[in-house]
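A.B. asks: Build me a model from this:
(one chain, ligands or ions: 1)
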Amino acid sequence: MEDKEHCCAECFKDEYIRNFIIQEGKKGKCDVCGRDNVFVVSFDLVADFIIEGFRRAYETLENEGFWHPEEKRYCDSVTGNDLGQSMFEALYYVEEIFSDDLDEKTAKNFLQKIMNSIKPSFREIVRGDGDLYSDIESPNWMLIDELYYSGNKENEEKLFYSWDEFKEITRYNFRFFDVTNDNKREELLRKLENIFKKMKSTLLKGERLFRARVYNGSLKKLEQPKDIGPAPIEKTKSNRFSPAGISYMYLSGDIDTCIEEVVPQIKDNVIVGVFELKKNIEILDLTGNPVKSTFCKSYDHDTRMLVGYFINKFSEEISKPMGVNDNKEIEYIPTQVLSEYIRKLGYKGIKYGSSLINGKYNYVLFFGAGR
Ligand SMILES: [Zn+2]
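C.D. replies: Numbering: from 1, shown residues only. Here you go, the predicted structure:
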């Protein structure tokens, strides 16, 4: 017992691992960072806790991957790309469980010791106990269901829906309602509804948002607020969020961003309108992250995969500046359909990141001219 090694909460960044150590720990010295008189747990206890969380999100490639016998690697049977990551890569780079104070080498060493502390004995291995975890560097792991979400494997019975698949179906199969008997898309929308609830945020009364327009006419002829407000219905064109005939309002969180978003050319004049909210409104905030740590007991893997393969992709798509050569009538349909669904759920708008200025935000509000 006495010669067991121990570690403290400060050696980790993940809050659930930290809490586990503080709750289960005894006062002592950390063998990793050297802190004394802090809560510490033995490596084998923390190993069990880490593995429990890790397995909520990862599965071994043996079940899913395609083994390339000559090149001795797992690959994707469709693309031939390398599959899999090592346990260390997943925990260090993806889940980011370790304290920033530990460099890669120290963290790897630390993880190896943690996993060695529960390594089955030779006798146990002979008896049939597997040793999945002491090899922390081979790329034996992948996210559960990753191949299905990435579209490289099909499964008729389960719901695996990526943004790419939704786009394809909405553009070319059926647009407004599910026409076939499988209600896959409706089921997807119900799942998204639950995730969206965790991404709700409130824009407060009095908050100011900005809208720019290239305007090279005479300022004397400028009519306010008409010339800077949302387009009147008869002038609306098809765009990322709304089809022709429906007017939404596009705004930015600050002046610099709204000017960038209209992509002015040299010598263009740009006018900027300032809009103030008259009341609180609830919007969907795509810049928030609803995914919990895999070390949290209520971690939900479906949420993580839908956020990664659907919501974040949708968010990237709506953040892109509008391409001149896009066939807007077709390209914008998937985002228009999803936006209308979000509107149907009662949200008054969407907040999303600007692709032109990092860390700045844009908004679409679901009310146009005269509403
Ligand atoms: Zn420590």
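
A.B. asks: Return the residues of the chain in contact with the ion.
C.D. replies: Cys8, Glu10, Cys11, Cys30, Val32, Cys33 (Cβ under 5 Å from the ion). The C-beta positions use only the backbone N, C-alpha and C, and glycine is treated the same way.

A.B. asks: Just name the closest of those to Leu365, please.
C.D. replies: Glu10 (44.5 Å; Cβ to Cβ).

A.B. asks: quick one: that closest one and Cys33 touch, right?
C.D. replies: Yes: with contact taken as Cβ atoms under 8 Å, Glu10 and Cys33 are classed as touching, separated by 6.1 Å.

A.B. asks: Out of the residues of the chain next to the ion, list just those in strands.
C.D. replies: Under the assignment DSSP state E, these contribute Cys8 to strands.

A.B. asks: so which of the residues of the chain next to the ion comes closest to Phe367?
C.D. replies: Glu10 (49.5 Å).

A.B. asks: pLDDT wise, what is that closest one at?
C.D. replies: Reading off the confidence values, Glu10 has pLDDT 97.

A.B. asks: what about it, how many residues close to it?
C.D. replies: Using other Cβ atoms under 10 Å, Glu10 has 18 neighbouring residues.

A.B. asks: before we move on, what about Lys267?
C.D. replies: Using other Cβ under 10 Å, the number of residues around Lys267 comes to 6.

A.B. asks: how far away is it from the ion?
C.D. replies: Lys267 sits at a distance of 60 Å from the ion (criterion: Cβ to the ion, to the nearest Å).

A.B. asks: how much space between that residue and Val214?
C.D. replies: For Lys267, the distance to Val214 equals 10 Å [Cβ to Cβ, to the nearest Å].

A.B. asks: swap in Val272?
C.D. replies: Distance from Val272 to Val214, by Cβ to Cβ: 11 Å.

A.B. asks: so Trp163 makes contact with Glu317?
C.D. replies: Yes: counting by Cβ under 8 Å, Trp163 does reach Glu317; the two are 7.4 Å apart.

A.B. asks: okay, the two: which has more neighbours?
C.D. replies: Trp163 (22 against 18).

A.B. asks: Low-confidence regions, the stretch 201-350 of the chain specifically.
C.D. replies: 231-236, 321-328 (pLDDT under 70).

A.B. asks: For the residue of the stretch 201-350 of the chain found nearest the ion, give me its contacts.
C.D. replies: Nearest residue of the stretch 201-350 of the chain to the ion, counting by Cβ to the ion: Phe295, 17.1 Å away. Applying Cβ atoms under 8 Å, 6 or more residues apart in numbering, we find Phe295 in contact with Asp14, Tyr16, Ile17, Phe20, Phe49, Ile50, Gly53, Glu95, Ile97.

A.B. asks: ok, and the most crowded of the residues you listed?
C.D. replies: For the contacts of Phe295, the largest number of neighbours (other Cβ under 10 Å) sits with Ile50, at 25 neighbours.

A.B. asks: And what about it, helix, strand or coil?
C.D. replies: helix (DSSP: H, G, I helix; E, B strand; the rest coil).

A.B. asks: My guess is it contacts Ser117. True?
C.D. replies: No: between Ile50 and Ser117 there is no contact under Cβ under 8 Å: 11.0 Å.

A.B. asks: Centre of the chain to stretch 104-113, how far?
C.D. replies: Its chain's C-alpha centre and that of stretch 104-113 lie 28 Å apart, by Cα atoms, centre = their mean, to the nearest Å.

A.B. asks: Next, give me the two most distant ones among the residues of the chain next to the ion.
C.D. replies: Across these (Cβ to Cβ), the longest gap, 9.0 Å, separates Glu10 and Val32.

A.B. asks: so for stretch 84-98, what's the average pLDDT?
C.D. replies: For stretch 84-98, the mean confidence score works out to 96.

A.B. asks: Got phi/psi on the residue lying farthest from the centre of the chain?
C.D. replies: What lies farthest from the middle of the chain is Lys220; by Cα atoms, centre = their mean that is 46.6 Å. Main-chain torsions, Lys220, degrees, to the nearest 10: phi -60, psi -30.

A.B. asks: distance of it from Asn269?
C.D. replies: For Lys220, the distance to Asn269 - Cβ to Cβ - is 13 Å.

A.B. asks: again with Val337
C.D. replies: Val337 sits 36 Å away from Asn269, going by Cβ to Cβ.

A.B. asks: For those two, indicate the residue with more neighbours.
C.D. replies: Val337 (20 against 11).

A.B. asks: so where does the more buried one fall, helix or strand?
C.D. replies: Element membership of Val337 [criterion: DSSP states H and E] is helix 333-344.

A.B. asks: Note down every partner strand of the helix or strand following that helix and its orientation.
C.D. replies: Heading C-terminal from helix 333-344, the first helix or strand you meet, by DSSP H and E, is strand 349-353. Strands that pair with strand 349-353, judged by DSSP bridges, come out as strand 281-285 (parallel), strand 361-365 (antiparallel).

A.B. asks: Which parts of stretch 183-191 count as buried, going by neighbours?
C.D. replies: Lys184, Arg185, Leu188, Leu189, Lys191 (16 or more other Cβ atoms under 10 Å).

A.B. asks: Centre of the chain to that stretch, how far?
C.D. replies: That offset, for stretch 183-191, works out to 19 Å (Cα atoms, centre = their mean).

A.B. asks: what are the C-alpha coordinates of that stretch, in CSV please?
C.D. replies: In CSV, the C-alpha atoms belonging to stretch 183-191 read as follows (Å, rounded to 0.1, in the frame of the first residue of the first chain):
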residue,chain,number,x,y,z
ASN,A,183,-39.0,9.5,-40.3
LYS,A,184,-35.2,9.8,-39.9
ARG,A,185,-35.1,13.5,-40.5
GLU,A,186,-38.0,14.2,-38.1
GLU,A,187,-36.3,12.1,-35.5
LEU,A,188,-33.1,14.1,-36.1
LEU,A,189,-34.9,17.4,-35.7
ARG,A,190,-36.4,16.2,-32.3
LYS,A,191,-32.9,15.4,-31.1
